[in-house]
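> take this sequence and fold it.
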Amino acid sequence: MAATGLQSAFRLLLLAAVFAFGAYLQARGLLPAILGHGKDVLYLIRQHLALAAVSGAIAIAVGIPLGVLLTRPRFEGVADAVTQVVNLGTTIPTLALLAISMSFLGIGSPPAIFALFVLTLLPIVLNTIAGLRSVPQPLIEAARGMGMTPRQILFRVELPNAVFVILAGIRTALAINIGTVPLAFLIGGGGLGELIFTGIDLMEPSMLLAGAIPTALLAIFVDFMIGQIQFWLVPKGVNPLR
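You can find the predicted model right below:
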């Protein structure tokens, strides 16, 4: 009940902040100028979402199996070394990672997708490992005592109990992904960064905000939707939010 009340209060506070920001833009005369970029925004949002969706899907497809693999007994010895290698993606500055990707893959979407994939991978891998390691050992021992194979234990016991933590990692990773996509414009990847950086170059606040506001709203929307999936998909027994 307390968590629900806090969520409701946060949503009301967010709505109030959005309303106040809109009133500020209207008072400054920026709102009509921002809306004047509507066609560009709609076109660039499709590019933005495509980059985020492809890189995010690849990160999920690689990150979850890799996290599962690193929790298996035969690979636990190299788990720390592999996670340190994956961590390099967040240690290297984003612009440097984009430059390195561009030097190998040229300009356009491929280097942008690769860089975004590397940036998005770490939270998914770490949360998959953390979620699987947090499964109570008595549950695993009970399943083993019932004659389940390691594969059955993984899919029927470990993953269902770890899915909440795994989804939390995906939620964090995709929010980072959406917020980083604008930098893809610098290497010809497209996206809302075109409006943001062009607005900075031309010192035109309306163009800058026409790219920045949709980027922020997309990140909030994706975070909210995954949060709802996390809330409703994960059963009550293993969902601390319910």
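> going by C-alpha atoms from here, please, whenever you check contacts or count neighbours.
OK.
> quick check: closest non-adjacent residue to the residue most central in space within the chain.
Geometric centre of the chain, nearest residue: residue 174, 1.1 Å, by CA atoms, centre = their mean. Distance criterion CA to CA, 6 or more residues apart in numbering; nearest residue to residue 174, sequence neighbours excluded, is residue 56 at 6.4 Å.
> for the one you found, which three-state class applies?
Three-state call for residue 56 (DSSP: H, G, I helix; E, B strand; the rest coil): helix.
> who touches it in this structure?
Residue 56 makes contact with 116, 117, 120, 173, 174, 177, according to CA atoms under 8 Å, 6 or more residues apart in numbering.
> and those, which is closest to residue 215?
Lowest distance from residue 215 to those (CA to CA) belongs to residue 177, with 10.7 Å.
> can you name the next helix or strand after whatever helix or strand that closest one lives in?
In this assignment (DSSP states H and E), residue 177 forms part of helix 159-180. Using DSSP H and E, the next helix or strand after helix 159-180 towards the C-terminus is helix 193-202.
> give me the distance from that following helix to the chain's centre.
24 Å (CA atoms, centre = their mean, to the nearest Å).
> check stretch 216-233 too.
For stretch 216-233, the separation from the chain centroid amounts to 10 Å (computed by CA atoms, centre = their mean).
> buried stuff in that stretch?
Neighbour counts over stretch 216-233 (16 or more other CA atoms under 10 Å) mark 218, 219, 222, 223, 226, 227, 230, 231 as buried.
> and if you look at stretch 121-137?
Buried residues in stretch 121-137, defined by neighbour count with 16+ other CA under 10 Å: 121-132, 135.
> could you list which of the residues you listed belong to helices?
Of those, the ones assigned to helices by DSSP state H are 121, 122, 123, 124, 125, 126, 127, 128, 129, 130, 131, 132.
> in JSON lines: these, plus distance to residue 104 and pLDDT.
Listed next are these as JSON lines, based on distance: CA to CA, whole Å; pLDDT from 0 to 100:
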{"residue": "121", "distance to residue 104": "20", "pLDDT": "91"}
{"residue": "122", "distance to residue 104": "22", "pLDDT": "89"}
{"residue": "123", "distance to residue 104": "25", "pLDDT": "91"}
{"residue": "124", "distance to residue 104": "25", "pLDDT": "94"}
{"residue": "125", "distance to residue 104": "25", "pLDDT": "93"}
{"residue": "126", "distance to residue 104": "27", "pLDDT": "92"}
{"residue": "127", "distance to residue 104": "30", "pLDDT": "93"}
{"residue": "128", "distance to residue 104": "30", "pLDDT": "94"}
{"residue": "129", "distance to residue 104": "31", "pLDDT": "92"}
{"residue": "130", "distance to residue 104": "33", "pLDDT": "91"}
{"residue": "131", "distance to residue 104": "35", "pLDDT": "91"}
{"residue": "132", "distance to residue 104": "35", "pLDDT": "92"}
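> quick one: which of the residues you listed is nearest to residue 37?
Set against residue 37, the nearest of those by CA to CA is residue 121 (33.2 Å).
> ok, the closest residue to that closest one other than its chain neighbours - contacts?
In this structure, residue 121 finds its nearest non-sequential neighbour in residue 59, 5.1 Å apart by CA to CA, 6+ apart. Contacts for residue 59 (CA under 8 Å, 6+ apart) come out as 117, 118, 120, 121, 124.
> ok, now residue 166?
Counting by CA under 8 Å, 6+ apart, residue 166 makes contact with 64, 124, 127, 128, 131.
> apply 6 Å and report the result again.
Residues in contact with residue 166 (CA atoms under 6 Å, 6 or more residues apart in numbering) are 127, 128.
> also residue 228?
Counting by CA under 6 Å, 6+ apart, residue 228 touches no other residue.
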